[in-house]
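Visitor: dropping a prediction and its sequence here:
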Amino acid sequence: MLDAKLVRESPEVVRAAIAKKHLDVDLDSVLAIDSTWRVQLQEVEHLRATQKAANAAMAALAKGSPEFLAKVAEMKAVAQQAKERDAVLKDMEDKFRQAMLSLPNLPHASVPEGRTPEENVVYALHGAHDEARPHARPHWEIPGFDKLFDFARGAKVTGAGFPFYVGDGARIVRALLNFFLEENAKAGYVEVNPPIFVNAASATATGQLPDKEGQMYETTVDHLYAVPTAEVPLTNFYRDEILDEAALPVRRCAYTPCFRREAGSYGKDVRGLNRLHQFDKVELLKWVHPATSYDELDKLRDDAERLLQKLGLPYRVLLMCGGDLGFAQAKKYDIEVWAAGQKRWLEVSSCSNFEAFQARRAQIRFRSKETGKPELVHTLNGSGLAVPRVLAALLENNLQSDGRVKIPAALVPHFGKEFLSFA
RNA sequence: GGAGAGGUGGCAGAGUGGUCGAAUGCGCGCGCUUGGAAAGCGCGUGUAGUCGAAAGGCUACCGAGGGUUCGAAUCCCUCCCUCUCCGCCA
């Protein structure tokens, strides 16, 4: 959510942001709602002031006196009017809030212009993705793949996109998670094991509700939502709180399974491990002082990149253009790993600075030493990393002529052996 | 799951229909005092919205949401959460 004062006083700034993100948002109607709401607010507050004044006067009068009774009669009418006006105001407040929620975050000045994913800027390229790998093949075509990653039985037991991981398949998932968590801890992120169901208030604060309701699994009793990412419980950890400025930046990481309904995806995008309804991911999250948030974004991206470097997997970093940036982000880098068998890039992390956009919605602040007043923090997050796609790249890139997969040296201590075997 | 108690400012804790944004204490800040500190004394100390050039004004907030009333922290209803006891359970 944006600052209402900014929208009101500098609508041209917001208009430029909408244009850069290539969104279709009716700013004029937002402004109109804002001004009628404020007029109504004034009227209701004036009526309340009248009531309060009468209240004080009546407190000084004898309870049954003629003056008292006259006041009661007089205020009955005011009360009636206040009630009606207040109902209208409530309605307008809902509309106002809806209108404010429809406005996207402002893209940072360093975000490149562009409308489509093709216009994203390749910010960095790491490793030899174009090196010849004669044995590489799409991971789902590797002989024995179905034994370790059992989609058929997953579909029987639960549904499509819920595989069983068996034997070395389960072991490699656990090794990757452990590796990610250990590395992130070394980088200063405190490990958190959060709830994997959240309530509606939490899902709203991070922006999953109301718009993306259909992407989450919801429980029929209690109306809880299975988390689509650890970002949701983690960001909400400090919801409605005021942090100590000295504690910033706060760095946390969390592993959770992630649940996504992902309606409407087909073809090779969803083959094998590329896209699942349930997958494992470690998320990095920071609450930072506004003055440092872009430095912190660079560091966050570096932290995520380092994981791929240590695994020896080629990757590239994209700086997202305005049109591909996303509604809530001010700036975003996507990290994509090279899957040599599929010969395509797979997104394994998305590192974003939300500035105060999420913090305003979730009311996460810090007390400024300078002013003594609460100010909104900036929030950042990124995966560190998503397991199945890293795994897909690992299987494809490291496949040997003998059909085994070579485990990167950094992962061997966690996996316990040097080769993953499909036999 | 059953029975009971309770949710008030940074904390503790008054307040049971009217001048209560809320006593008092602690904490915190500033000042006086002191060689310095403690104690003591004095003053101050929430958040948000809105109007205003500003000074400042107005409004809201006593777990959340509804209701009763001229008026609600206080009465009624629903929900959430915490604690105690019992039951069940990995």
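Guide: Cool, got the structure. Numbers count the residues shown, from 1 in each chain, chains lettered A, B, ... in the order given.
Visitor: what helix or strand does A:Ser352 sit in?
Guide: Using DSSP states H and E, A:Ser352 maps to strand A:344-353.
Visitor: can you give me the buried ones in that strand?
Guide: By 16 or more other Cβ atoms under 10 Å, the buried positions in strand A:344-353 come out as A:Trp345, A:Leu346, A:Val348, A:Ser349, A:Ser350, A:Cys351, A:Ser352, A:Asn353. No exception for glycine: its C-beta is placed from N, CA and C like everyone else's.
Visitor: from those, pick the one nearest RNA strand B.
Guide: A:Asn353 (21.7 Å; Cβ to the nearest atom of the strand).
Visitor: from the chain's centre, how far out does the helix or strand just after the strand holding A:Ser352 sit?
Guide: Proceeding N to C from strand A:344-353, the next assigned helix or strand is helix A:357-362, under DSSP H and E. Chain-centre distance of helix A:357-362: 11 Å, with Cα atoms, centre = their mean, to the nearest Å.
Visitor: who touches the residue lying closest to A:Phe96 once chain neighbours are set aside in this structure?
Guide: Spatial nearest neighbour of A:Phe96, excluding adjacent residues (Cβ to Cβ, 6 or more residues apart in numbering): A:Trp37 at 4.6 Å. A:Trp37 makes contacts with A:Leu89, A:Met92, A:Glu93, A:Lys95, A:Phe96, as judged by Cβ atoms under 8 Å, 6 or more residues apart in numbering.
Visitor: would you turn the residues you listed into a markdown table with secondary structure, pLDDT and distance to A:Val121?
Guide: Formatted as a markdown table, these follow (DSSP: H, G, I helix; E, B strand; the rest coil; pLDDT from 0 to 100; distance: Cβ to Cβ, whole Å):
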| residue | secondary structure | pLDDT | distance to A:Val121 |
| --- | --- | --- | --- |
| A:Leu89 | helix | 92 | 47 |
| A:Met92 | helix | 91 | 42 |
| A:Glu93 | helix | 91 | 41 |
| A:Lys95 | helix | 91 | 38 |
| A:Phe96 | helix | 92 | 37 |
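Visitor: can you put the residues you listed in JSON lines and add neighbour count and distance to RNA strand B?
Guide: Below are the contacts of A:Trp37 laid out as JSON lines (neighbours: other Cβ atoms under 10 Å; distance: Cβ to the nearest atom of the strand, whole Å):
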{"residue": "A:Leu89", "neighbour count": "18", "distance to RNA strand B": "10"}
{"residue": "A:Met92", "neighbour count": "20", "distance to RNA strand B": "12"}
{"residue": "A:Glu93", "neighbour count": "13", "distance to RNA strand B": "9"}
{"residue": "A:Lys95", "neighbour count": "16", "distance to RNA strand B": "14"}
{"residue": "A:Phe96", "neighbour count": "20", "distance to RNA strand B": "9"}
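Visitor: between the residues you listed, which sits nearest A:Arg15?
Guide: Set against A:Arg15, the nearest of these by Cβ to Cβ is A:Phe96 (18.6 Å).
Visitor: wait, that closest one touches A:Ala32, no?
Guide: No: counting by Cβ atoms under 8 Å, A:Ala32 is not a contact partner of A:Phe96; they are 10.5 Å apart.
Visitor: tell me the domain boundaries of chain A?
Guide: Chain A breaks down into these domains under automatic domain parsing: A:4-101, A:117-420.
Visitor: what about the shortest one, distance to the chain center?
Guide: For domain A:4-101, the distance between its averaged C-alpha position and the chain's averaged C-alpha position is 33 Å (Cα atoms, centre = their mean).
Visitor: what of the last one?
Guide: Taking Cα atoms, centre = their mean, one finds domain A:117-420 lying 11 Å from the centre of the chain it belongs to.
Visitor: quick one: terminal-to-terminal distance for that domain?
Guide: Domain A:117-420 has an end-to-end distance of 35 Å (Cα to Cα, to the nearest Å).
Visitor: returning to what we had before: check which helix or strand the residue nearest to A:Phe96 maps to.
Guide: Going by DSSP H and E, A:Trp37 is in helix A:27-60.
Visitor: could you do A:Gln81 as well?
Guide: helix A:66-101.
Visitor: can you pull the buried residues of the helix or strand following that helix?
Guide: As assigned by DSSP H and E, the chain's next helix or strand after helix A:66-101 is strand A:121-126. Across strand A:121-126, burial judged by 16+ other Cβ under 10 Å covers A:His126.
Visitor: contacts for strand A:121-126?
Guide: Everything outside strand A:121-126 that qualifies as a contact, by Cβ under 8 Å, 6+ apart, is A:Pro112, A:Glu305, A:Leu308, A:Gln309, A:Pro314, A:Tyr315, A:Arg316, A:Val317, A:Leu318, A:Leu319, A:Cys321, A:Tyr333.
Visitor: how about the second one, nearest residue that isn't a chain neighbour?
Guide: In space, A:Glu305 comes closest to A:Ile335 once its chain neighbours are excluded; the distance is 6.3 Å by Cβ to Cβ, 6+ apart.
Visitor: contacts only, for the one you found.
Guide: By Cβ under 8 Å, 6+ apart, the neighbours of A:Ile335 are A:301, A:304-305, A:308, A:315-318, A:347-351, A:382, A:385.
Visitor: that one in helix, strand or coil?
Guide: strand (DSSP: H, G, I helix; E, B strand; the rest coil).
Visitor: tell me how far it lies from A:Arg306.
Guide: Distance of A:Ile335 to A:Arg306, computed by Cβ to Cβ, to the nearest Å: 11 Å.
Visitor: name the residue of the stretch 301-423 of chain A that lies nearest to RNA strand B.
Guide: Counting by Cβ to the nearest atom of the strand, the stretch 301-423 of chain A gets nearest RNA strand B through A:Pro374, at 4.4 Å.
Visitor: pretty sure that residue contacts A:Ile242?
Guide: Yes: look at A:Pro374 against A:Ile242 with Cβ under 8 Å: they come within range, at 5.1 Å.
Visitor: overlap in contacts, the two.
Guide: Taking Cβ under 8 Å, 6+ apart as the criterion, A:Pro374 and A:Ile242 both touch A:Arg365, A:Phe366, A:Arg367.
Visitor: I'd like to know how far the closest residue to the first one other than its chain neighbours sits from A:Lys331.
Guide: Counting by Cβ to Cβ, 6+ apart, the nearest residue to A:Arg365 once its immediate chain neighbours are dropped is A:Pro374, at 4.1 Å. Counting by Cβ to Cβ, the separation of A:Pro374 from A:Lys331 is 25 Å.
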